[in-house]
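Undergrad: this one's structure only:
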């Protein structure tokens, strides 16, 4: 074995050995960095799921790469031919490159729905700039003397491009290809975060929020190896092309890629019968079991509703998707719904999942916190927007709680309280996060919001766009009946209901399944007993929320 191979191999062994050893010394590290052996074990035990998600992401990477390539060539050639075009287009391309694809991905969903196209376009935009610039530089790199020689010999413009400029530009072209191949995976994951049902990006997101970091890192490794494989493929193609000058092969590749990309973009799953698309308020969790039961047992279909459940990574996207017509219904929060309606957004609640608040202030047990004002001097983490922050401030003041610090922890509520970055969290559900924390050996207790002065409200309700077919009396009556029958079945057969939920969410690890089952046993008795909206509850909540309007 040569030194060229031996030294990198020894370095890798040392790094992974130190990494493995450190997880035994620092037990809290598993919340940040799991052991390599655990990651490999997860890859082996869930290999079929990783292959499934990797295949999805690979198709998106390839589609995005070739879509960007097919657009970059004409733009690069245009910049080469006309200086004025270069002066206009280059700043525009730089602007596009500076737009974060994570922010653009939800817009793609609004335009194209949950589809291959909505993910491929952000991927293509992320790699479009380096490809275009490399093509332009490649075409510009052809010596002028060679071009003049071709022209003297009566070569046509096509012959000059095809036989001279294209082969001469290969070093620059493949430099851009290699950069693009490395970025394609990042672009695909960015698109998946907003609009995917499967893929390594959505797998990483779900497992990260379930604190299943073995799956998160295993998915990350799959993405890394895939990107490396893509890069090596480009490297191999570069050697073949530059050595043998197969410009005709490259042109054939471009034409084939363009065709396949657009065929893929058109290959959407079109249902023969219209479906009713319902967005979850969050990634799948035990709160959603009755919805999966209603679909699996055919309860919604019995009432004439072909319900399709769509998970979502960011709850704030739900209402824009419903208003834009990319979803028909959304499982949403009653306080936010009331505020949205008062702000002029045309929403209508049509069904109820929980008739009592689940949100709470959750704190670590065993730290002398017995009553709300014992939180004085503690660090409180939250995951809410500005208006909800004002509500939290009011609840703290009303209960004589003066925290030492308020920390916005976004979606990392569980990990921050486990690692003692915060002492309590606001914005989590006691029936979900308490069991999640318990599985991580973090004992917790909680204060209900109603005990702190928050009026009673319905935690999770189903909303539709006012004026849509889903707000017509015939539909709402059928949906309410189906919803309540699904809830009743889940209450009467809790074990079967949870099994149905797991069958539709195959990516969950054994430890996630264990704490989610414990959470479900707490959750199903809390499900709504009827679908009647009490106007007094709504009006009391509306009057109280008006105190916090900006």
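TA: Perfect, thanks for sending it. Source: prediction; values computed, not measured.

Undergrad: now stretch 217-232: mean pLDDT?
TA: Confidence for stretch 217-232, expressed as mean pLDDT, is 91.

Undergrad: Show residues contacting that stretch.
TA: Contacts with stretch 217-232, where a contact means C-beta atoms under 8 Å, 6 or more residues apart in numbering, come from 33-34, 39-40, 42-43, 46, 50, 53-54, 57-58, 61-62, 65, 178, 181-182, 184-185, 189, 200, 203-204, 207. Any C-beta I mention is one placed from the backbone N, CA and C, and that applies to glycine too.

Undergrad: ok, residue 48 - contacts?
TA: With C-beta under 8 Å, 6+ apart as the criterion, no residue contacts residue 48.

Undergrad: mind checking how far it is from residue 534?
TA: For residue 48, the distance to residue 534 equals 47 Å [C-beta to C-beta, to the nearest Å].

Undergrad: same deal with residue 545?
TA: Counting by C-beta to C-beta, the gap from residue 545 to residue 534 is 16 Å.

Undergrad: More neighbours: which of those two?
TA: Neighbour tally, residue 545 and residue 534, criterion other C-beta atoms under 10 Å: the higher count belongs to residue 545, 18 against 11.

Undergrad: So for that one, what's the pLDDT?
TA: Residue 545 is assigned 91 on the pLDDT scale.

Undergrad: quick one, what contacts it?
TA: Going by C-beta under 8 Å, 6+ apart, residue 545 touches 335, 338-339, 342, 391.

Undergrad: what would these look like in CSV with distance to residue 152, pLDDT and secondary structure?
TA: CSV is the format used below for those (distance: C-beta to C-beta, whole Å; pLDDT from 0 to 100; DSSP: H, G, I helix; E, B strand; the rest coil):
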residue, distance to residue 152, pLDDT, secondary structure
335, 78, 93, helix
338, 78, 94, helix
339, 74, 91, helix
342, 76, 91, helix
391, 79, 89, helix
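
Undergrad: which among those residues gets closest to residue 364?
TA: Among the contacts of residue 545, residue 391 lies closest to residue 364 (C-beta to C-beta), at 22.9 Å.

Undergrad: Quick one: neighbours of that closest one, just the number.
TA: Other residues lying near residue 391 total 19 when counted by other C-beta under 10 Å.

Undergrad: thought it was touching residue 546?
TA: No - Residue 391 is beyond contact range of residue 546, at 11.7 Å (criterion: C-beta atoms under 8 Å).

Undergrad: At the geometric centre of the protein, which residue sits there?
TA: In the chain, the C-alpha nearest the mean C-alpha coordinate belongs to residue 193, at 2.2 Å (C-alpha atoms, centre = their mean).

Undergrad: Distance check, that residue against residue 122.
TA: Distance, residue 193 to residue 122, using C-beta to C-beta: 10 Å.

Undergrad: Return every residue with contacts to both of those two.
TA: With contacts taken as C-beta under 8 Å, 6+ apart, the residues that reach both residue 193 and residue 122 are residue 105.

Undergrad: OK, contacts around residue 302?
TA: With C-beta under 8 Å, 6+ apart, residue 302 has these contacts: residue 482.

Undergrad: pLDDT score for it?
TA: Note on residue 302: pLDDT of 96.

Undergrad: before we move on, what about residue 91?
TA: As predicted, residue 91 sits at a pLDDT of 81.
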